[in-house]
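Enquirer: the following block contains a protein sequence and its predicted model.
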Amino acid sequence: MSIADRVRVHSVETLSDNHYTLRRATFDFRRNDGRWQRQVRESFDRGDAAAILLFDPDRRTVVLVRQFRFPAFSNGHDALLLEVPAGMLDAAAPAARIRTEVEEETGFRVSGVEPVFQAFSSPGAVTERVHCFVGRYRPADRHGPGGGHAAEGEDIEVLEPSIEDALAMLRDGGIRDSKTIMLLQHAALHLFPGAVATPGK
Ligand SMILES: Nc1nc2c(ncn2[C@@H]2O[C@H](COP(=O)(O)OP(=O)(O)O[C@H]3O[C@H](CO)[C@@H](O)[C@H](O)[C@@H]3O)[C@@H](O)[C@H]2O)c(=O)[nH]1
Ligand SMILES: [Mg+2]
């Protein structure tokens, strides 16, 4: 049975439509016991996104980016955020989009990217689905400095920690971004089996 059989949407109102879109939906949902219940839910729509963990199995490194994120700062995160490269799809196909985005943000040009999972970033409030990829890279794949679009406010540093140092940052709170945590755990399980966080880091 499609879940659509349990949802009757009555109205969708746009509350805000600036850079992104905030909507309020009024709908009836048929509960597990068969009763219909009226609900009102707001959802924030910024489109879907793609993210990638670049990894070099020979040097045992991964590529992370560091940048300022106002929403995290406004919620008490008094530091730049460490993340995997990522960007909004803007109607492009996820694999093509992530290759463009990773070059803009890091300077690394990669051809083979492998989809590993898709994740809703915050399904109770945000529509966004993140297409997560991994891709092998080597130092010779770097064709530019990266850094993102300064005119759009991007000011992105590129880091190449060892997988062990990245796992240590995940453990000690130096990494707080969910897609980055998921992709590093994927890497520890499948790309660098046996990797453990660097002691004391
Ligand atoms: N003018 C304006 N620009 C904005 C606004 N919000 C974001 N931008 C700009 O829009 C661009 C979006 O950059 P992308 O690289 O395409 O997306 P992203 O913000 O990195 O998104 C990724 O990371 C987010 C944080 O973890 C994720 O939420 C998202 O899913 C995605 O993975 C950036 O230049 C950013 O500064 C806004 O409200 N106004
Ligand atoms: Mg980005």
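Expert: Arrived safely. Fair warning: this is a prediction, and the values are worked out from it, not measured in the lab. Numbers count the residues shown, from 1 in each chain. Ligands and ions are numbered 1, 2, ... in the order given.

Enquirer: point to the residue nearest the middle of this structure.
Expert: Centroid-nearest residue in the chain, with CA atoms, centre = their mean: residue 179, separated by 4.3 Å.

Enquirer: which residues does the nearest residue to that one once chain neighbours are set aside contact?
Expert: Of all residues not flanking residue 179 in the chain, residue 51 sits nearest, at 4.7 Å (CB to CB, 6 or more residues apart in numbering). No exception for glycine: its C-beta is placed from N, CA and C like everyone else's. Contact analysis of residue 51 by CB atoms under 8 Å, 6 or more residues apart in numbering lists 83-86, 98, 130-133, 179-180, 183.

Enquirer: now, which of the residues you listed lie within helices?
Expert: In helices, defined here by DSSP state H, the members of those are 98, 179-180, 183.

Enquirer: out of those residues, which touch ligand 1?
Expert: Filtering these for proximity to ligand 1 (criterion: CB under 6 Å from any ligand atom) leaves residue 179.

Enquirer: max pairwise distance over the ones in helices among the contacts of residue 51: which two?
Expert: Within those, 98 and 180 form the most distant pair, 14.2 Å apart (CB to CB).

Enquirer: okay, the contacts of residue 51 in TSV with pLDDT next?
Expert: TSV is the format used below for those (pLDDT from 0 to 100):
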residue	pLDDT
83	98
84	98
85	98
86	98
98	97
130	98
131	98
132	98
133	98
179	98
180	98
183	98
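
Enquirer: circling back: so the residue nearest to residue 179 belongs to a strand, correct?
Expert: Yes. The assignment for residue 51 is a strand, going by DSSP: H, G, I helix; E, B strand; the rest coil.
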